[in-house]
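J.: coordinates only, sequence not included:
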């Protein structure tokens, strides 16, 4: 019975982690918390909008949440509608996450 309980706890924790939600697991009376990484907002400049491939080329500052320095690189976008919000030359604030190995913009807005 203890093995089933431990397996069930592990499955629940894994499902919550994969969903990106904070999860609590109690193991031997000690609470442990698994948290997803919080994405930081970064400044950048749109260099290219590639609607057919669903990608943006952005010259950006440091991406602290990903441990990356400033550079110009190509990102996928989480939602194709983001591509209609920006054009080459726009200064932007954006959020990027590593989604299954692909650097993906999850939020973007033109800087004011």
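T.: Ah, there it is. Keep in mind the model is a prediction, meaning the values are calculated, not measured. Numbers count the residues shown, from 1 in each chain.
J.: just the strands in this protein please.
T.: Ranges of strands in the chain, per DSSP state E, are 23-27, 30-34, 41-50, 55-60, 71-77, 91-99, 102-110.
J.: between these, which gets nearest to residue 84?
T.: Comparing the strands of the chain against residue 84 with Cβ to Cβ, the closest turns out to be strand 41-50 (8.8 Å). C-beta here means a position set from N, CA and C on the backbone, and glycine is covered the same way.
J.: on that earlier part again, highest average neighbour count across the strands of the chain?
T.: Comparing the strands of the chain by mean neighbour count (mean count of other Cβ atoms under 10 Å), strand 55-60 ranks first with a mean of 20.
J.: circling back to that earlier point, and the strands of the chain as CSV, adding distance to residue 85 and mean pLDDT?
T.: Below are the strands of the chain laid out as CSV (distance: least, Cβ to Cβ, whole Å; pLDDT from 0 to 100):
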stretch, distance to residue 85, mean pLDDT
strand 23-27, 33, 39
strand 30-34, 33, 39
strand 41-50, 10, 96
strand 55-60, 10, 97
strand 71-77, 10, 96
strand 91-99, 9, 93
strand 102-110, 6, 95
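J.: need the ones you listed in CSV (columns: distance to residue 84).
T.: Below are these laid out as CSV (distance: least, Cβ to Cβ, whole Å):
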stretch, distance to residue 84
strand 23-27, 36
strand 30-34, 36
strand 41-50, 9
strand 55-60, 12
strand 71-77, 10
strand 91-99, 13
strand 102-110, 11
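J.: report the contact partners of the closest residue to residue 71 other than its chain neighbours.
T.: Once flanking residues are discounted, residue 71 sits nearest to residue 60: 7.0 Å by Cβ to Cβ, 6 or more residues apart in numbering. The contact partners of residue 60, taken as Cβ atoms under 8 Å, 6 or more residues apart in numbering, are 42-45, 70-73, 94.
J.: contacting residues for the closest residue to residue 111 other than its chain neighbours?
T.: What sits nearest to residue 111 in space, not counting adjacent residues and going by Cβ to Cβ, 6+ apart, is residue 91, at 4.3 Å. With contact set as Cβ under 8 Å, 6+ apart, residue 91 has these partners: 43-45, 110-111.
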